[in-house]
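Q: Here is a sequence together with a model predicted from it:
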Amino acid sequence: MNNDRPLAKGEPRERDAGRDPVSGTPGPGGRTSAGTTIDSAAEDAYWRENYASRPYIDGAYGYDDYGPAYRYAADSYARHRDRGFDEAESDLGAGWDRAKAGSRLTWEHAKHAVRDAWNRLTHAAGREVPGDSDRYLA
């Protein structure tokens with residue numbers, strides 16, 4: 001971005017580039033607070049292709065219901081990456097109704113997808129929590 005000119009109306013400041021203008025959370029290609037890049041488009045493509053094989057999936061719901069849970073995980077991980085899923089779960093549950101968009105999932109159903117996506121991001125960042133990724137798969 002050229003710092004020698006004034007910003008156009010609605011143009012983000014350089015430090016805000018890649019962030020959701022409403023929530024301030026990282027958007028596609030945004031950086032988490034620790035600098036880890038979360039590629040939202042790649043995460044969405046991964047989950048769209050793989051969600052149906054996950055053990056927690058209820059066939060009464062489709063990707064339109066699970067997708068918001070995976071996106072919520074990525075947005076929340078960006079804000080709470082210094083916490084494990086178990087530590088952040090109560091805060092995540094409290095925020096699900098605001099974040100779920102058109103999803104029909106209750107938090108009790110969505111939390112498994114959120115945990116799954118959270119663990120994927122944790123592994124990508126090299127911050128594995130022993131046993132956490134297999135907790136709901138057994």
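A: Arrived safely.

Q: mind checking how far residue 91 is from residue 83?
A: Distance, residue 91 to residue 83, by C-beta to C-beta, to the nearest Å: 9 Å. Using the backbone N, CA and C atoms, a C-beta is placed for each residue, glycine as well.

Q: Comparing these two, which shows the higher neighbour count?
A: residue 83 (15 against 12; other C-beta atoms under 10 Å).

Q: and the more buried one, what pLDDT?
A: pLDDT for residue 83: 90.

Q: what do you get for the one 4 residues further on?
A: At residue 87, the model reports a pLDDT of 95.

Q: burial measure for it, as a count.
A: Using other C-beta under 10 Å, residue 87 has 12 other residues around it.

Q: ok, then the element right after whichever strand or helix holds it?
A: For residue 87, the host element (DSSP states H and E) is helix 85-99. Going down the chain from helix 85-99, the next helix or strand is helix 107-124, by DSSP H and E.

Q: Now do that following helix: everything it contacts.
A: Defining contact as C-beta atoms under 8 Å, 6 or more residues apart in numbering, one finds that helix 107-124 is touched by 36, 38, 43, 46-47, 51, 54, 56, 58, 61, 66, 68-70, 72-74, 76-77, 81, 84-85, 89, 92-93, 96-97, 100, 103, 105, 128-129, 132-133, 135-136.

Q: from the residues you listed, which would you call buried?
A: Buried residues within the contacts of helix 107-124, counting neighbours by 16 or more other C-beta atoms under 10 Å: 36, 38, 43, 47, 51, 61, 66, 68-70, 72-74, 76-77, 81, 85, 89, 92, 96, 100, 103, 105, 132-133.

Q: I'm done for today, thanks for sticking with me.
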